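# generate coordinates for the sequence data below:
(chains A and B)
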Amino acid sequence: MMSLEESVLQGDRLALARLLTQIENDTSDGRIALDILFPHAGKAHLIGVTGAPGTGKSSLVNQLALHFRRQSKRVAIVAVDPSSPFTGGAVLGDRVRMKDLSGDNGVFIRSMASRGSIGGLARTTANAVQVFDAAGYEIILIETVGAGQSEVDIAKLAHTTLVVEAPGLGDDIQAIKAGILEIADILVVNKADRPGAENAEKALKSMLDLGHPTQRVYIHHGSLAPAPLPVEEGKEARGSEMDVWVPPIQKTIAADGKGIDELVQHIARHGEYLKASGDWAVRERARLESEVEAALQSALMDQFHEHVPEDRFNKVVSQVFDRILSPGEAVKALTTGNGRLK
Amino acid sequence: MVKGQTTLVKGQTPLSDKKIRVLVAKPGLDGHDRGAKVVARALRDAGMEVIYTGLRQTPEMIAEAALQEDVDVVGLSILSGAHMALAPRVMDLLRANGQTNVKVFIGGIVPDEDIPRLMELGITGVYGPGTSTEDIVKDIKNAVK
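Reported below is the predicted structural model:
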């Protein structure tokens, strides 16, 4: 019998769905499959869609997927919604806005519950994305939970991050705060037919004029790229060695598809920019580095638990509780191996 | 401390726990989704992951979503009286897709005389008005054991 991962590579959709469950539950079979699939991944354009609840992320993802399907690209959608912190249960409702995509074998939608993660994605979202990538999906749309100001994990995972705003959600002070707007490669003002759309766009524009933030992420030739003079949005700054992407602002009405053509063009242009500037590789490397770090962390924790008996650990925690040891001293006592308990 | 245990918010189940995944769908043309929402909410509160698909789903859409989401359970809310047309179709499609282990429940308005025939089709449970959500939760947990 073929293994799940072999079937996934052959295009078996049920095997893909079942493997995604293994990945979500972080089973040993799932981990082995990830190792085997890893060399097959790394080809897809990962597009993140984030923004506050109710800004229209799911509807926008629906429209984007329809558009990419017209270009005959295979599209996977990973839609994350929050888990209850009390029961661990979740209602995943993003599919409600994606009915247009049913009946098309070139689209695969998977809903994920955040399962306790607070960065806007589930802990296993990156792994699920890797499976889709290996399975040959060329476009992977990743929709975060309705994000506030600091759910910025998506910027680490995606090549291109769309931050979706809607009219009436905040003024220009909101726009200069740190956090979610900083991670935008493309800013979307959705529901652009609603009153206040012009103001939302203006606030975002003025934020960009105050100094464009996203280049701080990328170290170019060993130093941070300085902010260039304002350039036409969506184009790269020319005339200098350092090309800096200035996020374009695109107005859309996802409910009827207005502005989607332009948005897809911005996404394509951003992809080309990343490749031409070398930032694609920089982002891939940064992402893989943090994946290795995360794997290392959990492996070291497992090792730790294998080597340190539970009662010893509890004893040290009791000493911390009694204020005999500080947490820092406790770690020293537990990790040096010979750290004598007071 | 249990090996591999991560810090959890109080009352939360560990991340590695297998969650029961349930698709709640409304096939057919009636527009009353309050019952489906009440059930979705109750299953959420019982710690399940509920994929809610909304109104006016065709059996094909439901089977496709059940496959992509790899659910353990499909809950169909039908108040239109079309259950004898919709339910067999959903069952056939699930089987055709290889999802033979998925348990299917129906909630809504189903005359008593239709229930035996639905059970013959492989439907696991049928719930009429007034059913307590606790019973539904209990039955689902038993069915996917």
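
# and the lengthiest helix in chain B, which residues are buried?
Using DSSP state H, we find that the single longest helix of chain B is helix B:83-96. Of the residues in helix B:83-96, B:H83, B:L86, B:A87, B:P88, B:V90, B:M91, B:L93, B:L94 count as buried by neighbour count, 16 or more other Cβ atoms under 10 Å in any protein chain shown. The C-beta positions use only the backbone N, C-alpha and C, and glycine is treated the same way.

# and the pLDDT for the last one?
Per-residue pLDDT puts B:L94 at 97.

# for A:L34, give me its contacts.
By Cβ atoms under 8 Å, 6 or more residues apart in numbering or on different chains, the contact list for A:L34 reads A:I23, A:N127, A:Q130, A:V131.

# pLDDT at B:L67, what is it?
97.

# still on that earlier bit, what's the longest helix of chain B packed up against?
Secondary-structure packing of helix B:83-96 (3 or more Cβ pairs under 8 Å, 6 or more residues apart in numbering or on different chains; DSSP states H and E): helix B:59-69, strand B:73-78, strand B:103-108, helix B:115-121.

# just the C-alpha atoms of that helix, please, in CSV.
These are the backbone C-alpha positions of helix B:83-96, laid out as CSV (Å, rounded to 0.1, in the frame of the first residue of the first chain):
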residue,chain,number,x,y,z
HIS,B,83,-34.3,14.7,3.8
MET,B,84,-35.2,11.5,1.9
ALA,B,85,-33.7,13.1,-1.3
LEU,B,86,-30.7,14.9,0.3
ALA,B,87,-29.4,12.4,2.9
PRO,B,88,-29.0,9.4,0.5
ARG,B,89,-27.1,11.6,-1.9
VAL,B,90,-24.7,12.8,0.7
MET,B,91,-24.1,9.3,1.9
ASP,B,92,-23.4,8.1,-1.6
LEU,B,93,-20.9,10.9,-2.3
LEU,B,94,-19.1,10.4,1.0
ARG,B,95,-18.7,6.7,0.2
ALA,B,96,-17.6,7.4,-3.3
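
# roughly how far is that helix from the heart of the chain?
14 Å (Cα atoms, centre = their mean, to the nearest Å).

# angle of it against strand B:73-78?
160 degrees (axes from the mean of the first three to the mean of the last three Cα atoms, to 10 degrees).

# ok, residues contacting helix B:83-96?
B:27-28, B:59-60, B:62-63, B:66, B:74, B:76, B:78, B:100, B:102, B:104, B:106, B:108, B:110, B:114, B:117-118, B:121-123.

# near chain A, from those residues?
B:E60 (Cβ under 8 Å from any Cβ of the partner chain).

# closest approach to chain B from the stretch 101-250 of chain A, which residue is it?
Closest approach of the stretch 101-250 of chain A to chain B (Cβ to the nearest Cβ) occurs at A:S102, with a separation of 4.4 Å.

# contacting residues for that residue?
Here A:S102 is in contact with B:T58, B:E60, B:M61, B:E64, B:A65 (criterion: Cβ under 8 Å, 6+ apart).

# flag every residue of the stretch 151-300 of chain A that's near chain B.
Going by Cβ under 8 Å from any Cβ, the residues of the stretch 151-300 of chain A near chain B are A:S298.

# domain map for chain A?
As assigned by automatic domain parsing, chain A contains the domains A:1-36, A:41-277.

# now render these as TSV, adding mean pLDDT.
Formatted as TSV, the domains of chain A follow (pLDDT from 0 to 100):
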stretch	mean pLDDT
domain A:1-36	94
domain A:41-277	85
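
# per-residue pLDDT, A:V308?
Reading off the model, A:V308 has pLDDT 87.

# that one: neighbour count?
Counted with other Cβ atoms under 10 Å in any protein chain shown, residues neighbouring A:V308 total 15.

# just the helices in the stretch 151-300 of chain A please.
Listed in chain order, the helices of the stretch 151-300 of chain A (DSSP state H, counting those that start in this stretch) span residues A:153-157, A:172-176, A:197-209, A:260-277, A:279-307.

# in this structure A:K99 contacts B:E60, no?
No: applying Cβ atoms under 8 Å as the test, A:K99 and B:E60 come out as separate, 11.7 Å apart.

# more neighbours: the two, which one.
When A:K99 is set against B:E60 and neighbours are counted by other Cβ under 10 Å, the residue ahead is A:K99, at 17 against 14.

# now do the contacts for that one.
By Cβ under 8 Å, 6+ apart, A:K99 lies in contact with A:N62, B:T53, B:G54, B:Q57, B:M61.

# where does it sit: helix, strand or coil?
Classification of A:K99 using DSSP: H, G, I helix; E, B strand; the rest coil returns helix.

# picking that back up, buried deepest among the domains of chain A, which one?
Among the domains of chain A, domain A:41-277 has the highest mean neighbour count (mean count of other Cβ atoms under 10 Å in any protein chain shown), at a mean of 20.

# any idea which helix or strand carries B:L29?
B:L29 belongs to no helix or strand when assigned by DSSP states H and E.

# distance check, B:V137 against chain A.
For B:V137, the distance to chain A (Cβ to the nearest Cβ, to the nearest Å) stands at 10 Å.

# what number of residues lie near the nearest residue to that residue once chain neighbours are set aside?
With sequence-adjacent residues excluded and distances taken as Cβ to Cβ, 6 or more residues apart in numbering or on different chains, B:V137 is closest to B:A46, at 4.3 Å. For B:A46, the count of nearby residues is 20 (other Cβ under 10 Å).

# can you pull the phi and psi angles for B:A46?
phi -90, psi 10 (degrees, to the nearest 10).

# check contacts around it.
So B:A46 contacts A:T87, A:G89, B:V137, B:K141 (Cβ under 8 Å, 6+ apart).

# how about A:G257?
A:Q63, A:L66.

# next one: A:R95
A:R95 touches A:A79, A:I109, A:S111, B:I51, B:Y52, B:T53, B:G54, B:A65, counting by Cβ under 8 Å, 6+ apart.

# which one of those is nearest to A:I154?
Nearest to A:I154 among those: A:A79, at 12.3 Å, using Cβ to Cβ.

# wait, the closest one sits on A:A113?
No: using Cβ under 8 Å, A:A79 is not in contact with A:A113, being 10.3 Å away.

# so what sits against both of these two?
With Cβ under 8 Å, 6+ apart, A:A79 and A:A113 have common neighbours A:L92.
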